[in-house]
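Participant: Kindly return the folded structure for what I paste below:
(one chain, ligands or ions: 3)
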Amino acid sequence: MIVMKFGGTSVEDTRAIATAAEIVLSRIEERPVVVVSAMAGVTDSLLAMARAAASGRLGEALRVLRGLRRRHLAALYSPADESADVARQHVVARLDSLQDILRGVAALGELTPRTTDHILGTGELLSSRIVSAAFAALGLDAALVDARECIVTDATHTNAVPLFDWTTERLRRRLPPLLAGRQVPVMAGYIAATIDGVPTTLGRGGSDFSAAIVGAALNAKRIEIWTDVEGMMTTDPRLYPQAQRIEVIGFDEASELAYFGAKVLHPATLIPAVEKNIPIHVLNSRNPESAGTCIRARAPRSRTTFRAIAAKPGMKVVNIKSPRKLGANGFLRAVFESFERHGCAADLVSTSEVSVSVTLSSAHGIDPLLADLNKLGEVEAEDGKAIVCLVGKDIRGRVGIAASVFDTLAAANINVHMISQGASEINIGFVIEECDVPEAVRKLHQRFFEPEKQRPAPTLRAVRGGLRMPRCGPAGAAVEVG
Ligand code: ADP
Ligand code: ASP
Ligand code: MG
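Facilitator: Ligands and ions are numbered 1, 2, ... in the order given. This is a model prediction of the structure:
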């Protein structure tokens, strides 16, 4: 069997869903299990409406909900069909219940992580219902499977950790009979539940992870991730459109890229795939014939020094200076114990005897952590930073590579705040201002991936890409641009 995961843009409307059905049909002999994300942008809208309701803006939340209602009803395939009618009733009931929850959140003025999961999971519950009904109307024998009854997690709401033994047991009980009956199971990605049935989610972008969990449980021949780009690219094509498709990449390199910001793959996706040695294919649902990228245990040597460049904006750098009284060992231990106590994962770390700098995602509230760290020494936290990471296992043992990375940045007048050559020796990472990311990526891509003559003339669009990235204002101040 194989697992086919369709991302948000691959199920964004009736046309995309019909294309997905054709793609599934083309692999029907391989016994696919289909995993779907919420329709593009829906999880963001759900989060926005939850936050609006919690801060007393119920009218705004309900306005967003009306938009979502229109969009989902429009995505229902051939409303005259009877199965679509059943699907419509489910969609309406789910949206009505969401409306009640939003009113409750507004009345209490509080949004707990548990309620957040309840609200965010609605996107995948709706899309899986709509997709399975459309597949059935288009002639596939689709069977909707409730992911909350199969994927079991702990209770870390909004970032739940799968309990693999329970999950594997349930998936093995639920899915093989459907496959044996030549049915196509359709499951929501991203959502799960605790052993007591309380809904959870696997963290943003987590549908890829769901697909890998299913693939590993059923020993899939491969896992296909259908998305809106040609595969895993040498950098984010929205950041730099000249990015090139990578044909084959190793698990280790893909894992570093995903961890350091290549959003095309949720970082945890590789864990079950590596364990069972299952190849992952990243494919473009807008161009299904394209070969995409194969991620597998062994990849041929890269023709370029690095395999790819990833960038992770939205980072915060926390600097902690020790008053020396703890000594270097005691100080480092106390700092990392604080991070652990507050559940904060550090991305890059650099240390000296008396100070430590650590990067963290700005999305996490870290006030309690900062209060704790303040007891150890002088603490400073700066937002608006980004990690850029160059990944390639052929850099191991090669001299002068780091020098040419930092020469390239210096020539572009880009200031580097922190540097780390990854412990696995397959990456070089550094921290810069968020607003410098497009220029840094462009210069590094030109230096390491493009022969002289093929370099494009710089244009404003190429430099800024299609991404919302703050532009550096005077004296390095960031200016948000739309
Ligand atoms: P989906 O909804 O299909 O899961 P995502 O938006 O989560 O899609 O991931 C696809 C996006 O990942 C692409 O549109 C692209 O902008 C971004 N991306 C970031 N880094 C890379 C990379 N190295 N290769 C390909 N895409 C990348
Ligand atoms: N819909 C979820 C999100 O936007 C999960 C996913 O798309 O993978 O984060
Ligand atoms: Mg995704």
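Participant: Can you report how many residues lie near the residue of the stretch 101-250 of the chain found nearest ligand 3?
Facilitator: Checking the stretch 101-250 of the chain residue by residue against ligand 3 with C-beta to the ion singles out residue 205 as nearest, at 4.3 Å. To be clear about C-beta, it is placed using only N, CA and C from the backbone, and glycine gets the same treatment. By other C-beta atoms under 10 Å, the residues close to residue 205 number 21.
Participant: So which residues on this protein come close to ligand 3?
Facilitator: For the chain, the residues in contact with ligand 3 (C-beta under 5 Å from the ion) are 7, 205.
Participant: Close to ligand 2: what parts of the chain are there?
Facilitator: If contact is defined as C-beta under 6 Å from any ligand atom, the residues of the chain in contact with ligand 2 are 7-8, 37-38, 43, 123, 189-190, 204-207.
Participant: try it again with 5 Å
Facilitator: Where the chain comes near ligand 2, counting by C-beta under 5 Å from any ligand atom, the residues are 37-38, 43, 190, 204-205, 207.
Participant: residue contacts, the residue in the chain that ligand 1 sits nearest to?
Facilitator: For the chain, the residue positioned closest to ligand 1 under C-beta to the nearest ligand atom is residue 7, at a distance of 1.8 Å. Neighbouring residues of residue 7 by C-beta atoms under 8 Å, 6 or more residues apart in numbering: 37, 40, 207-208, 225-228, 285.
Participant: repeat that with 10 Å
Facilitator: The contact partners of residue 7, by C-beta atoms under 10 Å, 6 or more residues apart in numbering, come to 35-38, 40, 189, 205, 207-208, 211, 225-229, 264, 285.
Participant: that's a helix at residue 159, yeah?
Facilitator: No. If the criterion is DSSP: H, G, I helix; E, B strand; the rest coil, then residue 159 is coil and not within a helix.
Participant: That one - nearest residue in space that isn't next to it in sequence?
Facilitator: Excluding its sequence neighbours, the residue lying closest to residue 159 (C-beta to C-beta, 6 or more residues apart in numbering) is residue 203, at 4.4 Å.
Participant: now swap in residue 130 and tell me
Facilitator: Counting by C-beta to C-beta, 6+ apart, residue 75 is the residue found nearest to residue 130 once chain neighbours are left out, at 5.4 Å.
Participant: so what's the backbone phi/psi at residue 15?
Facilitator: With angles defined as degrees, to the nearest 10, residue 15 sits at phi -70, psi -50.
Participant: Retrieve the pLDDT associated with it.
Facilitator: Turning to residue 15, the model gives it a pLDDT of 95.
Participant: Can you give me every residue that contacts it?
Facilitator: Residue 15 makes contacts with residue 75, as judged by C-beta under 10 Å, 6+ apart.
Participant: sorry, back to before: return the subset of the residues of the chain next to ligand 2 lying in helices.
Facilitator: Under the assignment DSSP state H, the residues of the chain next to ligand 2 contribute 43, 207 to helices.
Participant: Include pLDDT when you put the residues of the chain next to ligand 2 into TSV, please.
Facilitator: As requested, the residues of the chain next to ligand 2 are exported to TSV (pLDDT from 0 to 100):
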residue	pLDDT
37	98
38	98
43	98
190	98
204	95
205	96
207	98
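Participant: nearest residue to the residue of the stretch 101-250 of the chain closest to ligand 3 other than its sequence neighbours?
Facilitator: Of all residues beyond its chain neighbours, the one nearest residue 205 is residue 266 (4.3 Å), with distances taken as C-beta to C-beta, 6+ apart.
Participant: that older thread, ok, which of the contacts of residue 7 also contact ligand 1?
Facilitator: When contact is defined as C-beta under 5 Å from any ligand atom, the contacts of residue 7 meet ligand 1 at 227-229, 264.
Participant: Just the residues you listed: which are in strands?
Facilitator: residue 227 (DSSP state E).
Participant: ok, the residue of the stretch 101-250 of the chain closest to ligand 3 to residue 301 distance?
Facilitator: Computed with C-beta to C-beta, to the nearest Å, the distance linking residue 205 and residue 301 is 30 Å.
Participant: can you check residue 390 too?
Facilitator: Distance, residue 390 to residue 301, by C-beta to C-beta: 16 Å.
Participant: Of these two, give the one with the bigger neighbour count.
Facilitator: More neighbours sit around residue 390 than around the other of residue 390 and residue 301, counting by other C-beta under 10 Å; the figures are 28 against 9.
Participant: Please identify the buried residues of the host helix or strand of that one?
Facilitator: Taking DSSP states H and E as the criterion, residue 390 maps to strand 378-391. Neighbour counts over strand 378-391 (16 or more other C-beta atoms under 10 Å) mark 379, 381, 384-391 as buried.
Participant: just stretch 39-51 next, same as before
Facilitator: Buried positions in stretch 39-51, judged by neighbour count with 16+ other C-beta under 10 Å: 39-40, 42-43, 45-47, 49-51.
Participant: of all those, which comes closest to ligand 2?
Facilitator: The nearest one, if we look at the buried residues of stretch 39-51 relative to ligand 2 and count by C-beta to the nearest ligand atom, is residue 43, at 3.4 Å.
Participant: residue ranges with poor pLDDT in the stretch 51-200 of the chain?
Facilitator: Low-confidence segments of the stretch 51-200 of the chain, defined by pLDDT under 70, are located at 78-82.
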